[in-house]
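Trainee: Got a predicted model here, sequence first, then my questions.
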Amino acid sequence: MLRTGEGKRDGSSAMLTRRAAIVGLGASLAAPALLSLPRRPAAKPLLTPPTVSTPPAIHDVTLEAKARRLKLLGKDGPESTLWTYGDALFPILRLKRGDRLRATLKNSLTEHTSIHWHGVRVPNDMDGVQYVTQKPVEPGESFTYDFTLPDTGTFFFHPHCNETGQVGHGLLGVVIVAGDESETFDDEVVIIAKDWRLAEDGSFLPFSTDSGAARAGTFGTLRTANGAKSFTRKVPAAADLRLRLLNLDATRMMDVGVEGAEARIIAIDGNPVEAMPLDTWRMGAASRLDLVLRTPKAGGKVRLRDYFPAEIFDLAELEAEGPDRRAGPFDPAPLYASQVPEPDLARAEAQSFVFGAASDAIASFIDTLDPDDPLTKVILDDLCTASRTFWAINKRSWPNDGHRNLPPPLARLKPGESYRFTLQNATPHPHPIHLHGHTFKVLGSSKRKLPVHYADTVLVLPKERIEIAFVAAAGKWMFHCHILEHLETGMMGYFANA
């Protein structure tokens, strides 16, 4: 069987303890050496970003959403029909802060699509949500997204209708906006983690199941990093390496750690933080983590591991080669701080949002709809809704015709004003909550010791409360769980800011 471990733990301390035990065993074998280790220097504060003095570059790219035949089950395995934006999986667009991106989406699929620029603070009409911020890009049509990149960071892009199907087929890409490094790292590795719902013949299994959608999600049968079951790469020896990890899976939660090198967290969801030592870091779907690590001498290996599932999964193995690049202690230079609007906590308006189960009335209404009835096909947009509803925000579920005919907003916010939200998970399953068009400040958790940091997606564990704050931007902005089955079955809403 191809099925991988599904990691059914609620996210408490079990896997952290296991990771600590594994690392502790190795440490105990070398205890005398540990006594002579130098003290780790204190974290250096982030730097004020320099003024961009050069004229911004304009990047014109074409992204053709199209079915293409590629292999995921090994070089001797069968081909699968993937949907991609180019001839290879996961195109990476590299730009600099202040650059202008003109990305033309050409739709060569058999259904409508769009591009949402996840984590990028774009103008509202560039946010890529069908019926909400733009018309669907129908088969044979094109649409050009045109905006300036205001922030450095690690971002990604994907469709926003039929996400389980279109993302499930592989329709994803990455945006890396440079300009946060005060000193250049010796090398960089990008790791894109994604499961696939594949049968042994290479065909796709159903992307969503009722049992998965009503719980923690429907897990893949094949785990990959950069589309490979086992990702390896050569890296320079004794070097300071930047590693950008993106969890682009539809469901999976990970406890990420590094073995074979000292590693520090330098950015969360692309937003720089004062360097923090990495033990493990919990990542929900759509989260990103930037690390810097000092690679070993030639021949040494570094493993990036997920300790969350029952069977530990190696996301990547990096083997050092060549002459040493650096000597002396591991003390990377700080990044430049981001320039996102700073919320005024003293004057921020407080609001609360509870993520819970759908009411029986809504669920029973969905059950009465016959998907083969012509009237149902008018009521439902097959790509933007699901035939079942399981989830709600503040006891309100996104309705089945909620893209063609928008429901009332969850709230009406004033652009330029500060808001402080309490996000409460009233369910037994985790929910990575994403707010479009904004980078918010994560202030704290009722269950975990989280550093204060900026993010666009925050994982809310069962029975946990998370506080965030942000400055509202004008427009209609989606607010939803990023377990794709959850947003498609009700856990989605929007804010109307005017």
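Mentor: Looks like it arrived, so ask away.
Trainee: Tell me who's in contact with residue 417.
Mentor: 349, 471-472 (C-beta atoms under 8 Å, 6 or more residues apart in numbering). The way it works is simple: take the backbone N, C-alpha and C, and place the C-beta from them, glycine included.
Trainee: phi, psi of it?
Mentor: The phi/psi pair for residue 417 (degrees, to the nearest 10) reads phi -90, psi 150.
Trainee: Would you mind listing which of the contacts of residue 417 are buried?
Mentor: 471-472 (16 or more other C-beta atoms under 10 Å).
Trainee: Now, the contacts of residue 417 that are in helices?
Mentor: Among those, DSSP state H puts none in helices.
Trainee: Please dump the contacts of residue 417 into a markdown table; it should also carry pLDDT for every row.
Mentor: Formatted as a markdown table, the contacts of residue 417 follow (pLDDT from 0 to 100):
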| residue | pLDDT |
| --- | --- |
| 349 | 98 |
| 471 | 98 |
| 472 | 98 |
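Trainee: Dump the contacts of residue 417 into TSV; add distance to residue 440 as well.
Mentor: Shown next, in TSV, are those (distance: C-beta to C-beta, whole Å):
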residue	distance to residue 440
349	14
471	9
472	10
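Trainee: and of the contacts of residue 417, the nearest to residue 277?
Mentor: Using C-beta to C-beta, residue 471 comes nearest to residue 277 of the contacts of residue 417, at 30.9 Å.
Trainee: Buried residues, the one helix or strand residue 421 maps to. List them.
Mentor: Per DSSP states H and E: residue 421 is located in strand 418-425. Using 16+ other C-beta under 10 Å as the test for burial, strand 418-425 gives 418-421, 423-425.
Trainee: same question, stretch 480-498
Mentor: 480-495, 497.
Trainee: helices or strands up against the next helix or strand after the strand holding residue 421?
Mentor: Following strand 418-425 in sequence order, the next helix or strand is strand 431-435 (DSSP H and E). Helices and strands touching strand 431-435, by 3 or more C-beta pairs under 8 Å, 6 or more residues apart in numbering; DSSP states H and E, are strand 457-460, strand 475-481.
Trainee: could I have the very next helix or strand once past the longest one exported to PDB, CA atoms only?
Mentor: Beyond strand 475-481 in the direction of the C-terminus, DSSP H and E gives the next helix or strand as helix 484-488. Coordinates of each C-alpha in helix 484-488 appear next as PDB, following Å, rounded to 0.1, in the frame of the first residue of the first chain:
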ATOM      1  CA  LEU A 484      -9.100  22.600   2.000                       C
ATOM      2  CA  GLU A 485     -12.000  20.300   2.800                       C
ATOM      3  CA  HIS A 486     -12.900  22.400   5.700                       C
ATOM      4  CA  LEU A 487     -13.200  25.600   3.700                       C
ATOM      5  CA  GLU A 488     -15.100  23.900   1.000                       C
END
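Trainee: Redo the helices and strands packed on strand 431-435 as a markdown table? Include distance to residue 331.
Mentor: As requested, the helices and strands packed on strand 431-435 are arranged in a markdown table below (distance: least, C-beta to C-beta, whole Å):
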| stretch | distance to residue 331 |
| --- | --- |
| strand 457-460 | 30 |
| strand 475-481 | 39 |
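Trainee: Indicate which one of those strands is closest to residue 128.
Mentor: From the helices and strands packed on strand 431-435, taking C-beta to C-beta, the stretch that ends up closest is strand 475-481, at 10.0 Å.
Trainee: Output the closest one as CSV - backbone C-alpha positions only.
Mentor: Extracted in CSV, the C-alpha atoms of strand 475-481 (Å, rounded to 0.1, in the frame of the first residue of the first chain):
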residue,chain,number,x,y,z
GLY,A,475,-11.9,45.4,0.2
LYS,A,476,-13.6,42.0,0.6
TRP,A,477,-11.1,39.6,2.2
MET,A,478,-11.6,35.9,2.7
PHE,A,479,-11.1,34.3,6.1
HIS,A,480,-11.0,30.5,6.4
CYS,A,481,-9.5,27.3,7.5
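Trainee: Show me how far that strand is from its chain's centre.
Mentor: Remark: strand 475-481 is offset 16 Å from the chain centroid, using C-alpha atoms, centre = their mean, to the nearest Å.
Trainee: so how far is residue 270 from residue 246?
Mentor: For residue 246, the distance to residue 270 equals 10 Å [C-beta to C-beta, to the nearest Å].
Trainee: Now do the helix or strand that contains residue 245: everything it contacts.
Mentor: Assessed by DSSP H and E, residue 245 sits inside strand 240-247. For strand 240-247, contacts defined as C-beta under 8 Å, 6+ apart pick out 154, 156, 174, 176, 181, 185-193, 235, 254, 256, 263, 266, 283-295, 304, 315, 318, 325-326, 330, 332.
Trainee: Work out for me the element the nearest residue to residue 176 once chain neighbours are set aside sits within.
Mentor: Leaving aside its chain neighbours, residue 176 sits nearest to residue 94 (5.0 Å; criterion: C-beta to C-beta, 6 or more residues apart in numbering). Using DSSP H and E, residue 94 sits in strand 92-96.
Trainee: quick check: angle from that strand to strand 240-247?
Mentor: 120 degrees (axes from the mean of the first three to the mean of the last three C-alpha atoms, to 10 degrees).
Trainee: Kindly export strand 92-96 (C-alpha atoms) in CSV.
Mentor: Taking Å, rounded to 0.1, in the frame of the first residue of the first chain, the C-alpha atoms of strand 92-96 are listed here in CSV:
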residue,chain,number,x,y,z
ILE,A,92,9.3,29.4,-8.5
LEU,A,93,9.0,33.1,-9.2
ARG,A,94,11.9,35.1,-7.8
LEU,A,95,11.6,38.8,-7.4
LYS,A,96,12.8,41.6,-5.2
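Trainee: Show me what that strand pairs with in its sheet, parallel or antiparallel.
Mentor: strand 173-178 (parallel) (DSSP bridges).
Trainee: And the partner strand, what's buried?
Mentor: Buried-residue list, strand 173-178, by 16+ other C-beta under 10 Å: 173-177.
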